[in-house]
Structures are given as structure tokens and as C-alpha cells.
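Asks: Here is my input, please return the structure:
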Amino acid sequence: MNWTEIADGWNRAHIVTSTAPSFAPEYVFSVIRDACVPFARGMRHFALPALTFEADGHPMTAPGGLLPSNDDGSMSEYRTRMSGHARTWRLCLTEPLFTDYRLWSQVRDLLMPLWRTEVGLPVLAVASELIAAQGPVRVCDAETTHIGLIVTLSGSMTLHNGDTTRRVEAGDVVHLADSGPATLHTDDSCLVLRLRVPTGRRLPATEALKVLTDVIAADAMEAAEPVPQPLFPPPVRGRELLLETSEAKERPPHRDDFVARARQLAHLWWAGRASAAGLDPAPEPGEPHPLASEDLVRLDAPILVASGLEPDTDLWSVNGMVFTVRGPTPDRILQLLRTNEIVSVDWLCRDEDGHDNGAEPLVNRLHALRAVKLVEEARA
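Replies: Sure thing, here's the model as predicted:
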């Protein structure tokens, strides 16, 4: 995808560009359908993915059977079924990408060129939404705290920008700056991927507060504070209720390195997001069978290297996950994998002299993180 037009007007104007990203709408619908299954039994609060659903202009707290189900073989079948229940509707899933690695990695690969060569990697997490709608209905608006990147997967929309309008078709990408009002509206139907890039001035402070909270909470767990213990059984009537205090270990001196530890944690978060094109959360690692020495593998996802938190260590970031490596063996494995050639696990786990280098756990970790892929056809 060519991001040049959007990069030239980055956060200065609302832009529509025809780039035809390679997403399969029916596969995206299957991701939406699977994510909606838990909501069919009732709304899930404080959980991801989150869901909102509107029918005929009214938000529904428990849409239940109106959501896509396994009985809907395609988006068209779902729209046909919904035509008997509501004239217009809008379904929005927040943070659905981490539930499906295939779709998540496609979006990551779509964004990487924009960040690397055009505008730079966002410091804060990029939020994602999948929106399906049957119009006439509002799809989404420009925000004052985020840049919007809306990929039109199917259907059509109209961009309302002040007194002007512009048609948006399948394959178009819309850039909504945070500097002026604009609305995307569909009179027919549409399926879109919406990416929200943070720009609000207060958002970094919120992120910093979250980091410090995590650091302080971890520090507090290192020392047990005295906790009042109510008497049991309770005192009889007429007796004073006296709360005994449990014994606690002597609290260590107050630690003054919160800022340093917060910087370390922020460094880990940034390293993880760097390999995820800013998408957070990332998919959980897989649970494949351990690789055999005769298995053949090749690199399937970029491995980013950053400075470690301790001397003589590096951080490896793969698909949003971060871990520490040390010594010369990881460097040799990385060089072999970055040739993009098919290599055997046995070859990766031996040094230049042919001796076992102890890299088997590292290679299996890369496999679980989907950095390397088992090449079945080559082995056959």
C-alpha cells in the first residue's frame, strides 16, 4: 500500500485515497462472528473485545440473537436475517484484532510502512475497531484526540466534511485528522476497519500514570502492611469491639527508584508495540508441539532488537511480545533466520563448530511467538 498521499497531509486534512488493501471481507466477518459468540448470552462488561450495537437508532444493551451467529454463513446472510428485525443497524467491536492472529498480522503489515518510512511509530497504543453497518446510519466521526484511519473493506460511505461530501468505496482508506469535524455515513451498507492513532495532549500523562501505578503496586506487594483483623466469633453484647493488628514484617526503606523502574517498564511496552506496529493488545502466543531437530523452519515475522535492561543483554520483540536474550548464540540464530532461507532446527541449535549451543528453548519460543514457521512441504 502507498501511504504517500496520507503522509503528506498527516493530521492536517481529511483525506480519501484509493489503495485497495488486501483484506478478505468474508474472513473479517468470520472474526466478527466468533467475537460475538460470548455476547449472545449477555453483555460482557470490562472485557475485550468490547461490543456496541444499535438498531433503528437505539442502543441495545443486550442484542442477543440479533448478533452474528454460526448460523450466518456470510455477511450477506446476516444482513438478510437482520432485514426482518431492523431497518438500520450498526455493530462495533472494539479491540477485536488480538483474537485472530491472521487478521492482526495483516493489519500490522499494512501499518508498518506508514510508521517506518513516513510519520514515525506512535508512542501510545493504536486502538482498533471493526464496524459493520446497514444504513442510512452514521459509521464514525472525526475525534479531537485521535487520528482516524478507516479502511473500507466492503460497501460504500460518504465523507461529510463541512459543506463538502465525497464518496468512499470499497478499497478506499480515509484519513480523519483531529483538527476538524467530519463524519462518515452510509446510506447502503459497509464493513470497515477503524484504527485510532492517539494525538490528545493528555493521553501521554494517562499512560505515564498507568506505568507509575503498576510500579508502585508491585513495590507495595514486597512489604506486608499491618491489617486490622476483626474478632471471630464477634464479641458479645456489652463488650467493646477491639481490632487486633496482624504482625507484619518490618517495612524496608522507601524506594526512591520509581522513576527508573517506570522508565524500564515503559521501555518494555514500547519495544513490544514496535514489533506490533503500535497495535495493543497483541495475540497470545500459540501452544505448538516442541520442534524436532529434523524440522525445517523459516522466519515468518520480523524480530526487532532493542537494548536490554541489564548489561550484555538485548530485548527481542516479536509480534508484540518481548523477552530478554544474552550471549552470542541469539545473534547467530538471528543472522541465519534473517536470510529468509529454510533452515533445520538442528542447524540453528549448533554453533559453528557443530556443538550443541543450547538454543532449543529459544527456537521453540520463537515458534510459539509465530516468529518462525514450520515448513511442512519442504520436509515432505
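Asks: what ranges do the strands span in the stretch 201-350 of the chain?
Replies: 228-229, 244-245, 296-299, 303-307, 313-318, 321-326, 343-344 (DSSP state E, counting those that start in this stretch).
Asks: got TSV for those, with mean neighbour count, mean pLDDT and distance to A217 too?
Replies: C-beta here means a position set from N, CA and C on the backbone, and glycine is covered the same way. Putting the strands of the stretch 201-350 of the chain into TSV (neighbours: other Cβ atoms under 10 Å; pLDDT from 0 to 100; distance: least, Cβ to Cβ, whole Å) gives the following:
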stretch	mean neighbour count	mean pLDDT	distance to A217
strand 228-229	9	49	21
strand 244-245	9	50	23
strand 296-299	19	97	37
strand 303-307	15	94	25
strand 313-318	20	96	23
strand 321-326	16	96	20
strand 343-344	19	96	43
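Asks: closest one to N70 among these?
Replies: strand 321-326 (30.7 Å; Cβ to Cβ).
Asks: packing partners for the closest one?
Replies: Applying 3 or more Cβ pairs under 8 Å, 6 or more residues apart in numbering; DSSP states H and E, we find strand 321-326 packed against helix 258-274, strand 313-318.
Asks: Also compute the angle for the longest one relative to strand 303-307, please.
Replies: In other words, helix 258-274. With axes from the mean of the first three to the mean of the last three Cα atoms, to 10 degrees defining the directions, helix 258-274 sits at 160 degrees from strand 303-307.
Asks: Buried residues, helix 258-274. List them.
Replies: 261-262, 265-274 (16 or more other Cβ atoms under 10 Å).
Asks: Return the alpha-carbon coordinates of that helix using CSV.
Replies: Output of helix 258-274 as CSV, limited to C-alpha atoms (Å, rounded to 0.1, in the frame of the first residue of the first chain):
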residue,chain,number,x,y,z
PHE,A,258,10.2,4.6,41.0
VAL,A,259,11.1,6.8,38.0
ALA,A,260,13.9,4.5,36.9
ARG,A,261,11.7,1.4,37.1
ALA,A,262,8.9,3.2,35.3
ARG,A,263,11.3,4.0,32.5
GLN,A,264,12.2,0.4,32.3
LEU,A,265,8.6,-0.7,32.1
ALA,A,266,7.8,2.0,29.5
HIS,A,267,10.8,0.7,27.5
LEU,A,268,9.4,-2.8,27.6
TRP,A,269,6.0,-1.5,26.5
TRP,A,270,7.5,0.5,23.6
ALA,A,271,9.6,-2.4,22.5
GLY,A,272,6.5,-4.7,22.3
ARG,A,273,4.5,-2.2,20.4
ALA,A,274,7.3,-1.6,18.0
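Asks: Tell me which of the strands of the stretch 201-350 of the chain lies nearest to A371.
Replies: strand 313-318 (4.4 Å).
Asks: got a list of contacts for that closest one?
Replies: 267-268, 271-272, 274-275, 301-309, 322-326, 330, 366, 369-371 (Cβ atoms under 8 Å, 6 or more residues apart in numbering).
Asks: Tell me how many other residues crowd L110.
Replies: Here the number of neighbours of L110 (other Cβ atoms under 10 Å) works out to 21.
Asks: That one touches M1, doesn't it?
Replies: Yes: counting by Cβ atoms under 8 Å, L110 does reach M1; the two are 6.1 Å apart.
Asks: what residues are shared contacts of those two?
Replies: Here L110 and M1 have P21 as joint contacts, going by Cβ under 8 Å, 6+ apart.
Asks: just flag whichever of the helices and strands packed on strand 321-326 has the lowest average confidence.
Replies: Lowest mean pLDDT within those: helix 258-274, at a mean of 87.
Asks: Give me the angle between it and strand 321-326.
Replies: With the same axes, to 10 degrees as the basis, helix 258-274 and strand 321-326 are set at 110 degrees to each other.
Asks: now helix 258-274: how far from the chain's centre is it?
Replies: Computed by Cα atoms, centre = their mean, to the nearest Å, the chain-centroid distance of helix 258-274 equals 17 Å.
Asks: Tell me the helices and strands packed up against it.
Replies: Partner elements for helix 258-274 (3+ Cβ pairs under 8 Å, 6+ apart): helix 203-220, strand 303-307, strand 313-318, strand 321-326.
Asks: returning to that earlier point: which of the helices and strands packed on strand 321-326 sits closest to L362?
Replies: Of all those, strand 313-318 comes closest under Cβ to Cβ, at 8.9 Å.
Asks: CA atoms only for that closest one, dumped as PDB, please.
Replies: Provided in PDB are the C-alpha atoms of strand 313-318 (Å, rounded to 0.1, in the frame of the first residue of the first chain):
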ATOM      1  CA  THR A 313      21.500  -8.300  27.200                       C
ATOM      2  CA  ASP A 314      19.200  -7.500  24.400                       C
ATOM      3  CA  LEU A 315      15.400  -7.300  24.100                       C
ATOM      4  CA  TRP A 316      13.800  -9.300  21.300                       C
ATOM      5  CA  SER A 317      10.400  -8.100  20.300                       C
ATOM      6  CA  VAL A 318       8.200 -10.400  18.200                       C
END
